[in-house]
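Participant: Got a predicted structure here, sequence first:
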Amino acid sequence: ALFLITLFALALSGCGEKSAEDKVKEQASKVHALTEDERALANANGKAFFEKPWAPAGGKQGQFISCRPSDSNFNGMVTCSGFIPQPDGSMPEIKRYCGYRADLVGCSDEDTVK
């Protein structure tokens, strides 16, 4: 009986181990508190993306709203929102993922680094 209890305890202890991949995913999903420089870079990237002239809308400029530093993580991107003019004259609010590190310039429609 003691042998079975020991075997069962050893089997359960192995279940708690995380793979290297799981540890990386867990680390990447943790919130990263942006520094002032990182926040400024994210806002600059967001502003440059949203406020450029949009050719499909006749060169009208979009409008940057803000970036949400509270959802930043270790992938170097943060969610930013703004308005983009459409050919029909509407300006829907959209979200993009903008870099907050010097090596991640600009914004993307995907929250991943390629």
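Facilitator: Cool, the structure landed. Numbers count the residues shown, from 1 in each chain.
Participant: Who are the packing partners of the helix or strand where Ala40 lies?
Facilitator: Using DSSP states H and E, Ala40 sits within helix 36-50. For helix 36-50, the packing partners by 3 or more C-beta pairs under 8 Å, 6 or more residues apart in numbering; DSSP states H and E come out as strand 63-68, strand 77-83, strand 93-99, strand 107-108. C-betas here are computed from N, CA, C, even on glycine.
Participant: Okay, now the sheet partners of the first one, with direction.
Facilitator: Looking at strand 63-68 with DSSP bridges, its partner strands are strand 77-83 (antiparallel).
Participant: which intervals of the chain have sub-threshold pLDDT?
Facilitator: Residue ranges of the chain with pLDDT under 70: 1-30, 71-72, 114.
Participant: partners of whichever helix or strand comes after the helix holding Ala40 in the sheet?
Facilitator: The helix or strand immediately downstream of helix 36-50 is strand 53-54, counting by DSSP H and E. Take DSSP bridges as the rule and strand 53-54 pairs in its sheet with strand 60-61 (antiparallel).
Participant: Excluding its own residues, what touches the strand it pairs with? List them.
Facilitator: 51-54, 85 (C-beta atoms under 8 Å, 6 or more residues apart in numbering).
Participant: coming back round to it: just name the most buried of the helices and strands packed on helix 36-50.
Facilitator: Compared across these, strand 77-83 shows the largest average neighbour count, a mean of 22 (mean count of other C-beta atoms under 10 Å).
Participant: Which residues does it contact?
Facilitator: With C-beta under 8 Å, 6+ apart as the test, strand 77-83 has contacts from 34, 42-43, 45-46, 49-51, 62-69, 71-72, 91-100, 104, 107-108, 111-113.
Participant: Also compute the angle for that strand relative to helix 36-50, please.
Facilitator: 40 degrees (axes from the mean of the first three to the mean of the last three C-alpha atoms, to 10 degrees).
Participant: No more questions from me, cheers.
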